[in-house]
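Engineer: here is the input, now give the coordinates:
(one chain, ligands or ions: 1)
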Amino acid sequence: MSGIPRPGSRLPQSSSSVKRPRAGSNDENAGQPGLLAKKKKMDPPTLPLKKTSTSNLSKAKSMMNIGPKSKVTQPLGTSNMSGRATNVLGRRPGANPVGGNTSNLAPRTRATVTTNAPVGPGPGPKKRPAWDLKGRLEDMEGLFASTAERVSTLESQNTQLKTVAQEKETEVIQNSEELKSVAEERDSLRKQIETLKKELSEVTDLKECQAKNYRTQLDDLEFKKSALERKLKGLEDELNARIAEIGSLKSIVAQSNATKDCLEATLENTKRHLASAEDKLTELEKLASQQAAQIDQHRENERAFETERRRLHNTIQELKGNIRVFCRVRPLLKGEVEKVGPNIRHIEFVSENSLELKRIADSPNESIASGIKGKNSKYDFEFDRVFGPNAKQAQVFEEICQLVQSAIDGYNVCVFAYGQTGSGKTFTMEGGEEPGNEGMIPLTLDMIYQETKKLEGKGWTYKMEASFLEIYNEEIRDLLATEKNLKYDIKLTSSDVKGQTNDVYVSNVKVVEVKSPHQVTSLLSLAHKNRAIAATNCNERSSRSHSVFQLKITGSNSITTESCSGTLNLVDLAGSERLKDSGSEGLRLKETQNINKSLANLGNVIMALAQKDSHIPYRNSKLTHLLQNSLGGNSKTLMFVNVSPKEDSFSETLNSLRFATKVNQCQIGTATKKIK
Ligand SMILES: Nc1ncnc2c1ncn2[C@@H]1O[C@H](COP(=O)(O)OP(=O)(O)OP(=O)(O)O)[C@@H](O)[C@H]1O
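Structural biologist: Residues are numbered from 1 along each chain as shown. The predicted structure is shown next:
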């Protein structure tokens, strides 16, 4: 900056003391390189001006001869060196500018002159005496002339200075404008700084907020990272396991490859064998077709053998007699053993088909029935088979299975169980409750199923239809009935084209097709239930009625076109005790009379058949009427005579055995097979 002080600023001590702003100083322009640069551009013309101004001032001083010892209190054109605020021309603010008005200057100069103060440099002219007016005038004129000269010089200097001042003023104006623009710029910069600070604080807040978010996110990410690390660990473990698995699989693959090679070799070998086997197969097929023809021939023969077997079987049965009698003595029951001991003293089992009934002298409670010999008397009986108390159900069934075979072959078969109450009839026919004690009915069904299954291979198909009846007081009841109050009548139906009335059937009776042997169990339990409903005591009821289980077996052969039909009757007769011994009266008397009548009629029918009577009294009782087709020429009959082992039943046992003997002595014609 030039030596011209800014308005309001301190006047510098000397030109040399004028401080230039340095970069990095505290001057307000410091740090504004743009402005400094501007100033630097402006400075070069200012610096010479300063020198010029200083030298001009010195010149002016010397021209005015103003020295330090001058008594002029306000020397013109000098600067106030005391440091008080003056303008560049040494004037104080408000003083007249130097050279601005010479008329103002003159009086002052004159005033100065009047003070006789030495003017100009040097020792000055010698003081003239007061009287030397001329000299003093000359001095005054010389002084005036020099003063005028100096005034003109000063005026020219003043003009110069004015120019300079104008320039400076212009410069000052420029500078002040510049300064203003700089200040404005500074203000705007300050505003910008404020704005920036505000923005900075906002940004800082934002950053903090973001940082917080980032920290939260970082925490989340840390958590996820640890979770992922754990997962990674798990995956690594799994990977290791997989790698191990792959290793083992590789070894398996290697083994498999080895096996595959081996198998391929085997395959090749097998192919060779196959080729030879195919050749053999062709031979075998030839052989097989030959054998198939042979098998057909064998089957044909077998069917012929089967027919022949049936014929021979029937012949054997005929030879054995169409009525056969088996005697079965049941074991002593637990309570009976406790009373009389384990031994059956009065029955001796002589052989497989004979027994001896002895009257024991000390036998308790035994009344002597009519026709019974005295004490210690013996009665021998012979039957087709005698079973002792140890005979098992299966053993008994073995003997009757021939008859069951006959029923399958198309014969009508009738199996009776005859004997006094409690002698074991129901046990024999239906069986006991324990497994292995199944009676003739379930065992028969089992056998029929097995046999018909075998016969399927020979072209036979069979159908089994069962019904279960009870004859109580000469009335028929259906033990399988699901409906009540139905009327049951015995009827005959024509079974052939000639219109002969052969088949006996009961109206309204329920006929159930039996498709499995197990079904018989449910049929037997239904029959028991229906019996229990009919009487408060089932056992009592069962001993007072005849029960008839009928199984109609029909078969047809698709190869031979044969067909057959047989009916198997398994009859559990009512107790055969004598009327006078039972002491019956009322309903019981009627029951006993009916039982005895029907049993007697059964005997009569058998006798009539044996004697070949023209009239067979089937219709005299419901039982014989119902069994008409199963008693006679075209049927086979087996009677079980069941015997109680109790000594006090001696008379009843004797009667039963006598009745059975009579039946056993009968020869009832020749059985005929119902084959179409
Ligand atoms: N062979 C046997 N082995 C073992 N127990 C038998 C045998 N026979 C019969 N019983 C038993 O003797 C008792 C009488 O038999 P069951 O009821 O069969 O006689 P029942 O002649 O049918 O009599 P009811 O005329 O009263 O019907 C039953 O408890 C039965 O279990």
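
Engineer: name the helices or strands packed onto the helix or strand hosting S598?
Structural biologist: Element membership for S598, per DSSP states H and E: helix 587-610. Other helices and strands packing on helix 587-610, by 3 or more CB pairs under 8 Å, 6 or more residues apart in numbering; DSSP states H and E, are helix 579-582, helix 622-626, helix 650-664. Backbone N, C-alpha and C define where each C-beta goes, glycine included.

Engineer: output that helix as PDB, nothing but the C-alphas.
Structural biologist: Presented in PDB, the C-alpha positions along helix 587-610 are these (Å, rounded to 0.1, in the frame of the first residue of the first chain):
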ATOM      1  CA  LEU A 587     -95.300-129.300  31.300                       C
ATOM      2  CA  ARG A 588     -92.400-131.600  32.100                       C
ATOM      3  CA  LEU A 589     -94.600-134.600  31.700                       C
ATOM      4  CA  LYS A 590     -95.700-133.400  28.300                       C
ATOM      5  CA  GLU A 591     -92.100-132.700  27.300                       C
ATOM      6  CA  THR A 592     -91.100-136.200  28.400                       C
ATOM      7  CA  GLN A 593     -94.000-137.800  26.600                       C
ATOM      8  CA  ASN A 594     -93.200-136.000  23.400                       C
ATOM      9  CA  ILE A 595     -89.500-136.900  23.700                       C
ATOM     10  CA  ASN A 596     -90.300-140.500  24.300                       C
ATOM     11  CA  LYS A 597     -92.800-140.600  21.500                       C
ATOM     12  CA  SER A 598     -90.400-139.100  19.000                       C
ATOM     13  CA  LEU A 599     -87.500-141.400  20.100                       C
ATOM     14  CA  ALA A 600     -89.800-144.400  20.000                       C
ATOM     15  CA  ASN A 601     -91.000-143.400  16.500                       C
ATOM     16  CA  LEU A 602     -87.400-143.100  15.400                       C
ATOM     17  CA  GLY A 603     -86.900-146.700  16.500                       C
ATOM     18  CA  ASN A 604     -90.000-147.700  14.800                       C
ATOM     19  CA  VAL A 605     -89.000-146.000  11.500                       C
ATOM     20  CA  ILE A 606     -85.600-147.800  11.700                       C
ATOM     21  CA  MET A 607     -87.300-151.100  12.400                       C
ATOM     22  CA  ALA A 608     -89.800-150.600   9.500                       C
ATOM     23  CA  LEU A 609     -86.900-149.800   7.200                       C
ATOM     24  CA  ALA A 610     -85.000-152.800   8.300                       C
END
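
Engineer: tell me what angle it forms with helix 650-664.
Structural biologist: Orientation check (axes from the mean of the first three to the mean of the last three CA atoms, to 10 degrees): helix 587-610 against helix 650-664 gives 30 degrees.

Engineer: how about helix 587-610: buried residues?
Structural biologist: Across helix 587-610, burial judged by 16 or more other CB atoms under 10 Å covers 591-592, 594-596, 598-599, 601-602, 604-610.

Engineer: now, which of the residues you listed sits nearest the ligand?
Structural biologist: Relative to the ligand, the closest of those is I595; by CB to the nearest ligand atom it sits at 9.8 Å.

Engineer: doesn't A574 lie inside a helix?
Structural biologist: No: with DSSP: H, G, I helix; E, B strand; the rest coil as the criterion, A574 is located in coil rather than a helix.

Engineer: surely it touches S543?
Structural biologist: Yes: judged on CB atoms under 8 Å, A574 makes contact with S543 at a distance of 6.3 Å.

Engineer: between those two, which is the more surrounded one?
Structural biologist: A574 (26 against 22; other CB atoms under 10 Å).

Engineer: which other helices and strands contact the host helix or strand of G234?
Structural biologist: Assessed by DSSP H and E, G234 sits inside helix 133-320. Under the contact criterion of 3+ CB pairs under 8 Å, 6+ apart, helix 133-320 touches helix 33-64, helix 102-114, helix 393-409.

Engineer: how much space between whichever residue of the stretch 101-250 of the chain sits closest to the ligand and A241?
Structural biologist: Per CB to the nearest ligand atom, S248 is where the stretch 101-250 of the chain lies closest to the ligand, at 67.8 Å. Distance, S248 to A241, by CB to CB, to the nearest Å: 10 Å.

Engineer: contact residues of this structure facing the ligand?
Structural biologist: Contact residues (CB under 6 Å from any ligand atom) of the chain with the ligand: 330-331, 333, 419, 421-427, 432, 539, 542-543, 575, 642.

Engineer: try 5 Å
Structural biologist: R330, T421, G422, S423, G424, K425, T426, F427, G432, S542, S543, G575 (CB under 5 Å from any ligand atom).

Engineer: what about the closest residue in space to the last one that isn't next to it in sequence, how many neighbours?
Structural biologist: Meaning G575. Distance criterion CB to CB, 6 or more residues apart in numbering; nearest residue to G575, sequence neighbours excluded, is T421 at 3.2 Å. Look at T421: counted by other CB under 10 Å, it has 19 neighbours.

Engineer: now T421: phi and psi?
Structural biologist: phi -60, psi 130 (degrees, to the nearest 10).

Engineer: low-confidence bits of the protein, can you list those?
Structural biologist: Regions of the chain meeting the criterion pLDDT under 70 cover residues 1-126, 313-314, 316-321, 361-376, 494-502, 532-542, 578-585, 633-634, 667-676.

Engineer: per-domain residue ranges of it.
Structural biologist: Following automatic domain parsing, one gets these domains for the chain: 33-90+97-120+132-193, 321-664.

Engineer: most tightly surrounded among those?
Structural biologist: Neighbour counts (mean count of other CB atoms under 10 Å) averaged over each of those peak at domain 321-664, with a mean of 18.

Engineer: could I get the full set of helices for the stretch 351-500 of the chain?
Structural biologist: Secondary structure of the stretch 351-500 of the chain by DSSP state H, counting those that start in this stretch: the helices cover 393-409, 425-429, 440-456.

Engineer: want to throw the domains of the chain into a markdown table with distance to R230?
Structural biologist: Formatted as a markdown table, those follow (distance: least, CB to CB, whole Å):
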| stretch | distance to R230 |
| --- | --- |
| domain 33-90+97-120+132-193 | 52 |
| domain 321-664 | 64 |
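
Engineer: you'd agree L355 is up against R328?
Structural biologist: No: counting by CB under 8 Å, R328 is not a contact partner of L355; they are 10.6 Å apart.

Engineer: quick check: the residue of the stretch 451-600 of the chain nearest the ligand.
Structural biologist: Going by CB to the nearest ligand atom, the ligand is nearest to S543 of the stretch 451-600 of the chain, at 2.7 Å.

Engineer: right, I'll call it a day here.
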